[in-house]
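Asker: Sequence below, structure please.
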Amino acid sequence: MTYSLHPGAEHDIANALDFYKEEAGLVVAGHFLEEFERVINLLIEYPDLGTPTVALVRSSWLPHSH
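Answerer: Below is the predicted model of the structure:
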């Protein structure tokens, strides 16, 4: 399964990645991208994950793994 992001979300992710590269280095930026991809894959595997909220948008607290 694939996914798509809203253009605004793509912009936000790119900005965050640039920020982490500049402020914390490539290792931290890489960890950010790995975590983003981990969460995307989790949502692909479990599309009903989270709690339904307004307009059928889901929210959830995801545990951070190391």
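Asker: for the protein, which helix is longest?
Answerer: The single longest helix within the chain, with elements called by DSSP state H, is helix 26-45.
Asker: can you pull the contacts of the most centrally placed residue in the chain?
Answerer: For the chain, the residue nearest the mean C-alpha position is residue 36 (3.5 Å; CA atoms, centre = their mean). Neighbour list for residue 36: residue 13 [criterion: CB atoms under 8 Å, 6 or more residues apart in numbering]. C-beta: built from backbone N, CA, C; applies to glycine.
Asker: circling back: extract the C-alpha set from the longest helix of the chain and format it as PDB.
Answerer: Extracted in PDB, the C-alpha atoms of helix 26-45 (Å, rounded to 0.1, in the frame of the first residue of the first chain):
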ATOM      1  CA  LEU A  26      22.500  14.600   9.800                       C
ATOM      2  CA  VAL A  27      22.200  11.800  12.400                       C
ATOM      3  CA  VAL A  28      19.300  13.500  14.200                       C
ATOM      4  CA  ALA A  29      17.700  14.400  10.800                       C
ATOM      5  CA  GLY A  30      18.000  10.800   9.800                       C
ATOM      6  CA  HIS A  31      16.300   9.600  13.000                       C
ATOM      7  CA  PHE A  32      13.500  12.100  12.400                       C
ATOM      8  CA  LEU A  33      12.900  10.700   8.900                       C
ATOM      9  CA  GLU A  34      13.100   7.100  10.200                       C
ATOM     10  CA  GLU A  35      10.500   7.800  12.800                       C
ATOM     11  CA  PHE A  36       8.300   9.500  10.300                       C
ATOM     12  CA  GLU A  37       8.500   6.500   8.000                       C
ATOM     13  CA  ARG A  38       7.900   4.100  11.000                       C
ATOM     14  CA  VAL A  39       4.700   5.900  11.900                       C
ATOM     15  CA  ILE A  40       3.500   6.000   8.200                       C
ATOM     16  CA  ASN A  41       4.100   2.200   8.000                       C
ATOM     17  CA  LEU A  42       2.200   1.700  11.200                       C
ATOM     18  CA  LEU A  43      -0.700   3.700   9.900                       C
ATOM     19  CA  ILE A  44      -0.700   1.800   6.700                       C
ATOM     20  CA  GLU A  45      -0.800  -1.500   8.600                       C
END
